[in-house]
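Trainee: A structural model of the following input is requested.
(chains A and B)
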Amino acid sequence: MPGAGSVSAIAVVGSVAFDTIETPSGRATEILGGSATHFAVAARYFAPVHLIAVVGDDFPATEREYLAGRGIDLAGLEVRPGKTFRWGGRYHEDLNVRDTIALELNVFADFRPRVTPAVRKAPYVFLANIDPRLQADVLAQFEAPALVACDTIGHWIDTARGPFEALLPRIDLLVVNDEEARLLSGERNVVRAARKILALGTRAVLVKRGEYGAILFSPGSVFAVPAYPLEEVFDPTGAGDAFAGGLMGALAAGGDRSETGLRRAIVYGTVLASFIVEDFGGRRLTTLTRDDIERRHREFVALTEF
Amino acid sequence: MNTVPPALSVVIPLCNEADAVEPLVAELRRVLDGLGRPAELIVVDDGSDDGSYERLRAVQRGETRLRIVRLARNYGQTAALAAGIEQARAPIIITLDADLNIDPRLQADVLAQFEAPALVACDTIGHWIDTARGPFEALLPRIDLLVVNDEEARLLSGERNVVRAARKILALGTRAVLVKRGEYGAILFSPGSVFAVPAYPLEEVFDPTGAGDAFAGGLMGALAAGGDRSETGLRRAIVYGTVLASFIVEDFGGRRLTTLTRDDIERRHREFVALTEF
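Mentor: Now for the predicted structure:
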């Protein structure tokens, strides 16, 4: 169980948003979302988290109190005149397919992340899905982080490939899904895709495969792990962010950045992702306890050992 | 032509499956060799125009038990089967389709001929779930381990989610169900237990034909060799199934297995353990 060694802090840069989500199971309107939000809440079960994001002056005190109440450092949560980022998505019967039906960037359009002096020494940095130029910019503000992980989406690979590829040699762990891995590499086969992505300079790449689990490639090593089998996936929104949050949290808490430490942290990522999909957006995490996490982690160990 | 009258006739209709001819005959040769009884193999060429007949003639030179019935045009599977059965000389006739899946009625029939087997596993294809659901469901309570792929699990259960699909399939009476998920691995459900395992990651899948069969073969072989039919034994056997499947897809049909050694299998098994442990 992570937490035994000295616990390091994590800084996350990304979005805080209000999401309107439709799934075959129902609809939720303007609930707290965003990649940095889900990541921060998931990671905070294990380690201190500094949130670097922007919201509008419409961001309610109750949401701020929720995040602060979780022990997330909000000193880097900038409030600007205007509205908070809004996203709307509709999932198909096949939950792997979704359409974006609303996208209002609002204050997020002019987001220029600023890392406060107190956070510059954060040893663990997660660059959630934002413009790769901003990811590079914010990364340059940190002082020699021990581990930098990074997410992206197809949109940036399509429209900002140059800046994204320029960022990769500065990344220790790239976290993408199958589709993004394919888009980035031009390879359908995950092994060949990963090899090409490693050649771009990231030290390791983790490919998330939804209900099928995840697979980690680093030069000379591969780790494949299934997902926790769920009878119902209510809403996949935030699954990737919670995965990354659980992973980085467990890494920071354990302090072991070896292949073994990374594998164990990935399993915690898997566990966090399995919880967040049980309800709309990040709702499931509002009641989730560290005990719940450890219980499912034990179940996961039991259902994968041979 | 064999002088000894066959005890068993295997009848297979085939239409435009030229590439399947060699692996099919090779596979059946192994099965027939293992029977210890004289058998004949009747392949009915149902009006192929892709060279299937010529390929059959070519393999016939090395397999005297093979008889070819050539129909002048395509008459359809039922008529082709009837034509083959008419030519059969043995008292026991088994019909197969060209990808070696057998009718659940025949599965039930052949199962009844065994004396109290310790473990019975069973595969099927969507075709039988569609066309012989009643007989297939009647078979399931006699099965210890049903081995199907995701698509078949969905078709059988009507559920898209694999956990719900497996629960419904278990309710039909099989003692366990293993769902094969191709490059994503496999997941075993029995009442009270789940085992999920990834696949061996391959840079190139040359030909997936036979992957499911080699998986089942590796699994059953390891089970029979280990003699441990507990959940633990089953899990370990599934890993060997995964390893065998990872080899067979490296070349056409069963070709890779012609040179594969037990050492190769153990080497990849060790690699597999290393790439899944945490």
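
Trainee: Please make it C-alpha for all contacts and neighbour counts, starting now.
Mentor: Fine.

Trainee: show me what contacts residue A:43?
Mentor: A:49, A:242, A:244, A:245, A:246, A:247, A:248, A:249, A:250 (C-alpha atoms under 8 Å, 6 or more residues apart in numbering or on different chains).

Trainee: Residue A:253 in helix, strand or coil?
Mentor: helix (DSSP: H, G, I helix; E, B strand; the rest coil).

Trainee: so it sits right up against residue A:45, yeah?
Mentor: No. With contacts counted by C-alpha atoms under 8 Å, residue A:253 stays clear of residue A:45, the gap being 9.6 Å.

Trainee: which residue does the stretch 101-250 of chain A bring closest to chain B?
Mentor: Per C-alpha to the nearest C-alpha, the residue of the stretch 101-250 of chain A with the smallest distance to chain B is residue A:223, at 4.6 Å.

Trainee: make that the stretch 1-150 of chain A, sorry
Mentor: Counting by C-alpha to the nearest C-alpha, the stretch 1-150 of chain A gets nearest to chain B through residue A:94 (8.4 Å).

Trainee: Look up phi and psi at that residue.
Mentor: Main-chain torsions, residue A:94, degrees, to the nearest 10: phi -80, psi 110.

Trainee: burial of it, as a residue count?
Mentor: By the measure other C-alpha atoms under 10 Å in any protein chain shown, the count of residues near residue A:94 is 11.

Trainee: Which pLDDT value goes with it?
Mentor: For residue A:94, the model assigns a pLDDT of 83.

Trainee: of all the residues in the stretch 51-200 of chain A, which ones are close to chain B?
Mentor: The stretch 51-200 of chain A comes close to chain B at residues A:189, A:190, A:191, A:192, as judged by C-alpha under 8 Å from any C-alpha of the partner chain.

Trainee: Can you list the helices and strands that the helix or strand of chain A with the lowest mean pLDDT packs against?
Mentor: Within chain A, confidence by mean pLDDT, DSSP states H and E is lowest for strand A:98-104 among all helices and strands, at a mean of 91. The criterion is 3 or more C-alpha pairs under 8 Å, 6 or more residues apart in numbering or on different chains; DSSP states H and E, and the helices and strands that strand A:98-104 contacts are strand A:85-91.

Trainee: Which secondary structure elements does the strand it packs on sit against?
Mentor: Strand A:85-91 packs on strand A:17-23, strand A:98-104, going by 3+ C-alpha pairs under 8 Å, 6+ apart.

Trainee: same thing but at 10 Å, please
Mentor: Judged by 3 or more C-alpha pairs under 10 Å, 6 or more residues apart in numbering or on different chains; DSSP states H and E, the packing partners of strand A:85-91 are strand A:17-23, strand A:26-33, strand A:49-56, strand A:98-104.

Trainee: looking at those strands, which is buried most?
Mentor: strand A:49-56 (a mean of 26; mean count of other C-alpha atoms under 10 Å in any protein chain shown).

Trainee: what element comes up after that strand heading to the C-terminus?
Mentor: helix A:61-69 (DSSP states H and E).

Trainee: How about that following helix, which residues are buried there?
Mentor: Buried residues in helix A:61-69, counted by 16 or more other C-alpha atoms under 10 Å in any protein chain shown: residue A:67.

Trainee: what's the model's confidence in that helix, averaged?
Mentor: 98.

Trainee: what's the following helix or strand after that helix?
Mentor: strand A:72-73.

Trainee: Does anything pack onto that following strand? Which helices or strands?
Mentor: helix A:35-43, strand A:49-56, helix A:61-69.

Trainee: Dump those into a markdown table; add distance to residue A:125 as well.
Mentor: What follows is the helices and strands packed on strand A:72-73, written out as a markdown table (distance: least, C-alpha to C-alpha, whole Å):
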| stretch | distance to residue A:125 |
| --- | --- |
| helix A:35-43 | 11 |
| strand A:49-56 | 10 |
| helix A:61-69 | 19 |
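
Trainee: Of all the ones you listed, which one comes closest to residue A:297?
Mentor: If you check each of those against residue A:297 by C-alpha to C-alpha, helix A:35-43 wins as the nearest, at 14.3 Å.

Trainee: how far is that closest one from where the chain is centred?
Mentor: 7 Å (C-alpha atoms, centre = their mean, to the nearest Å).

Trainee: and the angle for that helix with strand A:26-33?
Mentor: 90 degrees (axes from the mean of the first three to the mean of the last three C-alpha atoms, to 10 degrees).

Trainee: coming back round to it: on the three-state scheme, the residue of the stretch 101-250 of chain A closest to chain B is what?
Mentor: Under three-state DSSP, residue A:223 comes out as strand.

Trainee: Now it. Nearest residue, chain neighbours left out?
Mentor: residue B:275 (4.6 Å; C-alpha to C-alpha, 6 or more residues apart in numbering or on different chains).

Trainee: sorry, back to before: contacts for the least confident helix or strand of chain A, please.
Mentor: A:17-23, A:83-92, A:236-237 (C-alpha atoms under 10 Å, 6 or more residues apart in numbering or on different chains).
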